[in-house]
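K.L.:
Here is a sequence together with a model predicted from it:
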Amino acid sequence: MDDAAVRARALFGKKTSAGGPAATESSHTRTGPPDQRDVKAIAEQLQVAAADGGVGDLANHAEHMQRLAAALVEQANGVVNALEAGASVGSLSDAQMVALESVIRTRGRPALKVEDGGLEALDDTRHPGSGFWRIPVADNEAQLLRVATSTGAVVARVLAGGAPIVCGTAWLIAPHLLMTNRHVLLPPGGTPLAKRKPQRQTEAELSPDVELFMDFAHEEGTARDGKAAITAVPFVAHDADPVDVAILRIASAPAGVSTLQLVTAADVSRQLFLVGHPGVLDAVPAAVQAVFGTPNGRKRVCFGEKLAASAAQQGVMGHDASTIGGFSGACVLAFGGAGVSALHYYGDPARGNRAITAEALRAHPVAAFL
């Protein structure tokens, strides 16, 4: 399996001649190829989702759930075998990526809901293989909730009658400033939400056709107002800049939202978390979405660990927390850390996720806004 598929190799790599896994991320994490234990865990997750009303067509079809779980695991095994045979990550289809991520969720990489300002409890059936997170979560609950409160969804609404759409995630770095990714505003091949100023290319004007706002309370539970209008884009990195970052200005932050600071020294802890807003997966059946907790743009807290650094990626942190579209712009923190360790900007099930380190951000022109 090539070096790019580091996350898949760490979780699913074949056994070495010594009998251990080819790569190990954590003493708590089960490794080895997708197997019947993953089938059982996914089927149980589907049963919970059906009971909650999330997958009504499966509610009375346990056999169908088992078949779907088995199909996902079989497809994930096919992906692992293809990668080991030399297939490129870019050759994988969206369906194959979803199958791989479905199995990864059974290996202790949960995405917990934020509901009414609190954090969903870890459950052995809803979050299989995740029990080892209970102690770090309990020990650092105040930190998790403070970061979740300071993080929100970047929401766009086309003024000509469009519905609000979650475009990404941002977090408060100063009383009127947010940090996110450049591609949240200027998605390659997508509809831009802003336009660079002709004389000042690292500044941008918001599109007059779109209402853009932050929603710090875009979470599960009782609806409450946490919106703040985005009024300007004082900084957006050049398109060719490897540091995918942008700064947004808001009129004011809601009460109780505090600023987050970048760390000044590297965190030694491998365990980390990030807060983001997973986007809706339109092309994926509801039954498969249930394995993810049905992504709906609402706030989630995800846990994972650092991946081995690559010498070719200076200023980039790899991590294996479960993320999908909508997490772009999320802040990454170590449990018990003094501040934000990195800015998440990219991820997939095989390669793992990528985040720009605090050190790289402090050495970048964006540091003028910190």
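P.N.:
Received, thanks.
K.L.:
Which strand or helix spans the residue nearest the centre of the chain?
P.N.:
Nearest to the mean C-alpha position of the chain, by Cα atoms, centre = their mean, lies Thr323 at 2.9 Å. For Thr323, there is no host helix or strand (DSSP states H and E).
K.L.:
154 is where my numbering starts, stick with that
P.N.:
All right, first residue 154 from here; so that's Thr476.
K.L.:
my guess is it meets Arg504, correct?
P.N.:
No: the pair Thr476 / Arg504 is not scored as a contact, 11.7 Å apart, by Cβ atoms under 8 Å. Placement of C-beta: from N, CA and C, glycine included.
K.L.:
Could you give the average pLDDT over the longest helix along the chain?
P.N.:
Ranked by residue count under DSSP state H, the longest helix found in the chain is helix 215-237. For helix 215-237, mean pLDDT rounds to 89.
K.L.:
Can you tell me what sits against it?
P.N.:
Contacts to helix 215-237, defined as Cβ atoms under 8 Å, 6 or more residues apart in numbering, come from residues 154-155, 158, 161-162, 165, 167, 186-189, 191-193, 195-196, 199-200, 203, 211, 242, 244-245, 248-253, 255-256, 440-441, 444, 503.
K.L.:
Neighbour count says what about those? Which are buried?
P.N.:
For these, a neighbour count by 16 or more other Cβ atoms under 10 Å gives the buried set as 154, 158, 161-162, 165, 186-187, 191-193, 195-196, 199-200, 203, 211, 242, 245, 249-253, 255-256, 440-441, 444, 503.
K.L.:
Return the subset of those lying in helices.
P.N.:
161-162, 165, 191-193, 195-196, 199-200, 203, 249-253, 255-256, 440-441.
K.L.:
Which parts of the stretch 204-353 of the chain are strands?
P.N.:
Counting by DSSP state E, counting those that start in this stretch, the stretch 204-353 of the chain has strands at residues 264-268, 271-272, 304-311, 318-327, 330-333, 347-349.
K.L.:
can you redo the ones you listed as TSV with distance to Thr412?
P.N.:
Shown next, in TSV, are those (distance: least, Cβ to Cβ, whole Å):
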stretch	distance to Thr412
strand 264-268	19
strand 271-272	21
strand 304-311	11
strand 318-327	5
strand 330-333	9
strand 347-349	23
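K.L.:
would you list these in TSV and tack on mean neighbour count?
P.N.:
Listed next are the strands of the stretch 204-353 of the chain as TSV, based on neighbours: other Cβ atoms under 10 Å:
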stretch	mean neighbour count
strand 264-268	21
strand 271-272	16
strand 304-311	23
strand 318-327	24
strand 330-333	24
strand 347-349	18
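K.L.:
which one of those strands lies closest to Gly492?
P.N.:
Taking Cβ to Cβ, strand 318-327 is the member of these nearest to Gly492, at 10.4 Å.
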